[in-house]
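Chemist: Predicted model and sequence below, questions to follow.
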Amino acid sequence: MKILVVGGGGREHAIIKKLKTNKEITEIFAAPGNGGMVADATLVDIVGTDTDKIAEFAVNNKIDYAVVAPDDPLVAGCVDALEEKGIPCFGPKANAAIIEGSKVFSKNLMKKYSIPTAEYEVFTDMAAALEYLETAPIPTVIKADGLALGKGVIIANTRDEAKKAVISMMQDKMFGKSGDSIVIEEFLTGPEVSVLSFTDGETIVPMVSSMDHKRAGDNDTGLNTGGMGTVAPNPYYTEDIAKQCMETIFLPTINAMNAEGRTFKGCLYFGLMLTEKGPKVIEYNCRFGDPETQVVLPLLESDLLTVMKATTYGTLKDTEVKFKNKHACCVIMASKGYPEGYKKGYEITIDKQIADNVYIAGAKCENGKLLTNGGRVLGATAIGDTLKSAIDKAYKLTEKIHFENAYKRNDIGAKALKATEEK
Ligand code: AMP
Ligand code: GLY
């Protein structure tokens, strides 16, 4: 069986490594993949947003099943293009991927179907947005409507900062067309939880919960990044909260998408904040999270391909989705300077014995050498019987990985550990 995975980061490497445990799979292609994946997949030099070329490749190479992982190809209709050519896929069609592709869409969906989220206003006119900010409660949160490489959210602590954010999005077009419409929303507080779920549009099965660490520096300081590390499960996400989320958020979202004629299939990611007034949705993503996937999939006991296919064919209700009763921690090793400027091209060495635990993101292969080629270079994941042992083991792994200019946070999982101890 031949599989095509669209995408090229650490998340895709984790998906590929998990798929590889299925003995029916004979070959995995990664488009475009990255040089750190060559032991696990055949690289294909096509980017996911080139949806026609992806579909053409899949047909020509007799791909049996495709997994479209990143947001931009999903929003661009990669699943639609593949399905039109008869290739079954994991992932939502473009009309459902809009749940991530447009914040205005997702906020209006939540309002229409009474799904708990921050209060908000939508603006397409900059003068109106600036006027609103004269009296809006501060801090406030400004969000560009469209995709913005994870950078489209600005938390403004002063009225001035808020106005600057609006001007940079709407006038200076910092995120291009993504800032033509903006959402200004209520600032919420509380622990954050990521819940990835499998859904076939009817049944929704949440995966083990996780906690991302988005800021670049220790103790959640510094700039926002794509994610500097993760732990799973998230200790704040109790069984009671999970039940409440299923009733007030997960099922209502699936039903709302169906009612809108936008049935969602694939992985629906809920970014939640556990506020004093209950769990609220901070954001939806139409895909697996990165680096949440690097802790969630290693804990998946069931066969990933079987579960993925169940979302495609609508048989999730009858499919077992089981997770190990263990803990996982992923520490990201980045290039120093990320998320701003950084140098690349440094050789990466990884102790052979730990290769299975390393998910490579920003690397390229040149003359048989693996070289750094991005901000987030790789993630090291360890599993343990306790959260503490998973964290300790993950940091031990990073000692066996070397490249010049490497940077990591030193406190991945610390907040979760404290929450566990306080319980
Ligand atoms: P996003 O890029 O949508 O993942 O958002 C980045 C981060 O901004 C989230 O992980 C939250 O920490 C924060 N955030 C987004 N919306 C809000 C909000 N309404 N209140 C407080 N923090 C928020
Ligand atoms: N880790 C956050 C995301 O994937 O959007």
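Modeler: Right, received. Where do you want to start? Ligands and ions are numbered 1, 2, ... in the order given.
Chemist: Which stretches in the chain count as helices?
Modeler: Along the chain, counting by DSSP state H, helices occupy 10-19, 51-60, 71-75, 78-84, 94-101, 103-112, 126-133, 159-170, 239-245, 251-259, 293-296, 304-313, 387-398, 414-422.
Chemist: Tell me which of those helices sits most buried.
Modeler: Greatest average neighbour count among the helices of the chain goes to helix 293-296 (a mean of 31), per mean count of other C-beta atoms under 10 Å. C-betas here are computed from N, CA, C, even on glycine.
Chemist: Distance from that helix to the middle of the chain?
Modeler: 10 Å (C-alpha atoms, centre = their mean, to the nearest Å).
Chemist: Please apply the same query to stretch 356-373.
Modeler: In terms of C-alpha atoms, centre = their mean, the centre of stretch 356-373 is set 21 Å apart from its chain centre.
Chemist: cool, and stretch 379-391?
Modeler: 20 Å.
Chemist: hang on, the earlier thing: quick one: the helices of the chain as JSON lines, columns for mean pLDDT too.
Modeler: Shown next, in JSON lines, are the helices of the chain (pLDDT from 0 to 100):
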{"stretch": "helix 10-19", "mean pLDDT": "98"}
{"stretch": "helix 51-60", "mean pLDDT": "98"}
{"stretch": "helix 71-75", "mean pLDDT": "97"}
{"stretch": "helix 78-84", "mean pLDDT": "98"}
{"stretch": "helix 94-101", "mean pLDDT": "98"}
{"stretch": "helix 103-112", "mean pLDDT": "97"}
{"stretch": "helix 126-133", "mean pLDDT": "96"}
{"stretch": "helix 159-170", "mean pLDDT": "95"}
{"stretch": "helix 239-245", "mean pLDDT": "98"}
{"stretch": "helix 251-259", "mean pLDDT": "98"}
{"stretch": "helix 293-296", "mean pLDDT": "98"}
{"stretch": "helix 304-313", "mean pLDDT": "98"}
{"stretch": "helix 387-398", "mean pLDDT": "98"}
{"stretch": "helix 414-422", "mean pLDDT": "93"}
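Chemist: Mind putting those into JSON lines with distance to residue 344?
Modeler: Below are the helices of the chain laid out as JSON lines (distance: least, C-beta to C-beta, whole Å):
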{"stretch": "helix 10-19", "distance to residue 344": "16"}
{"stretch": "helix 51-60", "distance to residue 344": "26"}
{"stretch": "helix 71-75", "distance to residue 344": "22"}
{"stretch": "helix 78-84", "distance to residue 344": "27"}
{"stretch": "helix 94-101", "distance to residue 344": "28"}
{"stretch": "helix 103-112", "distance to residue 344": "31"}
{"stretch": "helix 126-133", "distance to residue 344": "37"}
{"stretch": "helix 159-170", "distance to residue 344": "27"}
{"stretch": "helix 239-245", "distance to residue 344": "40"}
{"stretch": "helix 251-259", "distance to residue 344": "39"}
{"stretch": "helix 293-296", "distance to residue 344": "21"}
{"stretch": "helix 304-313", "distance to residue 344": "31"}
{"stretch": "helix 387-398", "distance to residue 344": "19"}
{"stretch": "helix 414-422", "distance to residue 344": "29"}
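Chemist: what residue lies at the spatial centre of this structure?
Modeler: Nearest to the mean C-alpha position of the chain, counting by C-alpha atoms, centre = their mean, stands residue 289 at 1.7 Å.
Chemist: surely that one meets residue 269?
Modeler: Yes: contact criterion C-beta atoms under 8 Å: residue 289 and residue 269 qualify, at 5.2 Å.
Chemist: hang on, the earlier thing: state the phi and psi torsions of the residue nearest to the centre of the chain.
Modeler: Note on residue 289: its backbone torsions stand at phi -80, psi 160 [degrees, to the nearest 10].
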